[in-house]
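Q: could you work out the structure for the sequence below:
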Amino acid sequence: MKLCDAWLDLQPGFVHVGKGDGRPTSSFFPFVVSPSSRAAILFVICVGNISRTDETEVVKTESILNIKYGIEGDRAVGAHIPVNIKPEGKDELLFKIALPLQRPVLDPCLAVGFLPFTFDCLRVGQLVDMKWRLERLKDPEEIQSFLSKDELLYEIDANPENWMIAGRKRGHISLAATQGSRVVITVSCLPLVSGYVRPPQLGLPGVAESNISCNPAGPHLVCVLPPTLSSSFCVPA
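A: The predicted model follows:
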């Protein structure tokens, strides 16, 4: 296979470093890659400036990698008849793939942390309190209007096959509009299955991910033990 050209169309919020034409750092095109070898293409990019109003659109867009290539040799080998291509065809093909890039949290406005459990093990059928601490990292003058309000919307995402939420799964919390303000969100959950399961997750629907720092947002998996064994027996009168 012969690689003729390659370029990367970046989504908003990212820019190319160096030439800035979207091409990789090395310009050895065209070059031939044999079937028994591998090749890599290196692009150098960095985070660019983006306005606050465009942050929602950044999450929805994707970067596109374009690779223009050609097949060397007899392309009819192994093909089913009839073959509508010339054995020595030199036409170029274009391969495209979407690469969603996520901007790092460089200057977050809110911090969400998962508080550890008060006991070591969870058990099926036993209520447990899931707690998250939410902290404001900036003064209201430095952030956008919806983050400067005293109330924020939250929601709990849990797999209904693994957890039963004992209470509200969605609501508002009051967070003072001053830097360093903290609030703890507590939700009671009931484990339904045993094993290593993904715990419920806390989300802030009205806040972009680039404004939230999670350290950590929650454990990847938690261990849930089977229910306590019970038995009954009869005593002769």
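
Q: list the contacts of the residue nearest the centre of the chain.
A: For the chain, the residue sitting closest to the mean C-alpha position, by C-alpha atoms, centre = their mean, is Gln102 at 7.7 Å. Gln102 makes contacts with Glu209, as judged by C-beta atoms under 8 Å, 6 or more residues apart in numbering. For the C-beta atoms, the positions are set from N, CA and C on the backbone; glycine is no exception.

Q: please apply the same query to Ala158.
A: For Ala158, the contact set (C-beta under 8 Å, 6+ apart) comprises 165, 169, 189, 199-201.

Q: quick one: it and Gly167, what's the gap?
A: Applying C-beta to C-beta, to the nearest Å, the value for Ala158 to Gly167 is 12 Å.

Q: quick one on the thing from earlier: out of the contacts of Ala158, grab the one that's most surrounded.
A: Counting neighbours by other C-beta atoms under 10 Å, Pro199 comes out on top of the contacts of Ala158 with 22 neighbours.

Q: quick one: the helices in this structure, in order.
A: In the chain, the helices defined using DSSP state H lie at 55-60.

Q: low-confidence ranges, it, go.
A: Flagging of the chain using pLDDT under 70 yields the residue ranges 27, 50-60, 72-90, 103-107, 139-149, 215-218, 230-234, 237.

Q: how is it divided into domains?
A: In terms of domains, the chain is parsed into 2-99, 110-225 (source: automatic domain parsing).

Q: just these: most buried one?
A: Among the domains of the chain, ranked by average contacts under mean count of other C-beta atoms under 10 Å, first place goes to domain 110-225 (a mean of 15).

Q: tell me how far the ends of it are from each other?
A: 34 Å (C-alpha to C-alpha, to the nearest Å).

Q: now stretch 195-208
A: First-to-last residue span, stretch 195-208, C-alpha to C-alpha: 33 Å.

Q: export the domains of the chain to a markdown table and tack on distance to Val235?
A: Formatted as a markdown table, the domains of the chain follow (distance: least, C-beta to C-beta, whole Å):
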| stretch | distance to Val235 |
| --- | --- |
| domain 2-99 | 66 |
| domain 110-225 | 27 |
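
Q: if we can go back for a sec, closest one of the contacts of Ala158 to Arg182?
A: Nearest to Arg182 out of those is Gln201 (C-beta to C-beta; 19.7 Å).

Q: how near is the closest one to Ala111?
A: Here Gln201 is placed at a distance of 16 Å from Ala111 (C-beta to C-beta).

Q: please apply the same query to Met164.
A: 29 Å.

Q: same question for Val124.
A: Distance, Val124 to Ala111, by C-beta to C-beta: 32 Å.

Q: and for Asn66?
A: In this view, Asn66 and Ala111 are 39 Å apart by C-beta to C-beta.
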